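In: when you get a sec, could you give me coordinates for this:
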Amino acid sequence: MTPAEERLRALHAETYADLLRFVKRRIPDDDADDIVAATFEVAWRRFADLPEDARPWLFGIARHLLANQDRKRLRRSVVDVRMVADVSAAEADRAPGVDARIDLVRAWWTLSAADREVLALVAFDGLDDGQAATVLGCRRATFRMRLTRARQRLRAALDAAPRQKTWSNA
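Out: Numbers count the residues shown, from 1 in each chain. Model prediction:
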């Protein structure tokens, strides 16, 4: 096995699960494996371009493949981060904390797709500012500004959300 093959195999083992989660939040599960496989195919073809920290680079490739896969759908919603499959089902469940989750879901969907994507890269994908900036193809300072503004808009949406009546105050 060549050193290039060894590096790509190690990279695959290190990043596959994270990359699959990243993709599954954006498209139906049935298509996610194909996008991840295509991502590693591109990584192999562009092996000479592989940076030291390849994880955000792979996320960027996957993001571009997603955009190319279905531009019409992505124009309507750049990122479809699915926090909850059905809010109405969650409303029927009165387990502790469900009211706060419903408020969060409602606030989340008031945000623009760009704000949701910025927040998801940090909160769900665990990327740091530099890695997330690489995924989005912008400078670190630009990403930080976008993240700060997205957090502010999420906080404002949460503050404006009508408070759910909980069982304890019913």
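
In: where does the most centrally placed residue in the chain sit: helix, strand or coil?
Out: For the chain, the residue nearest the mean C-alpha position is residue 120 (4.2 Å; C-alpha atoms, centre = their mean). What DSSP: H, G, I helix; E, B strand; the rest coil gives for residue 120 is helix.

In: could you report the pLDDT at it?
Out: Here the pLDDT value assigned to residue 120 is 90.

In: low-scoring stretches of the chain, by residue?
Out: 70-100, 161-170 (pLDDT under 70).

In: can you pull the buried residues of stretch 120-130?
Out: Neighbour-count burial for stretch 120-130, with 16 or more other C-beta atoms under 10 Å as criterion, is recorded at 120, 121, 122, 125, 127. Just so you know, the C-beta spots here come from the backbone N, C-alpha and C atoms, and that holds for glycine as well.

In: which non-adjacent residue is nearest the last one?
Out: Closest residue in space to residue 127, ignoring its immediate chain neighbours: residue 121 at 5.0 Å, by C-beta to C-beta, 6 or more residues apart in numbering.
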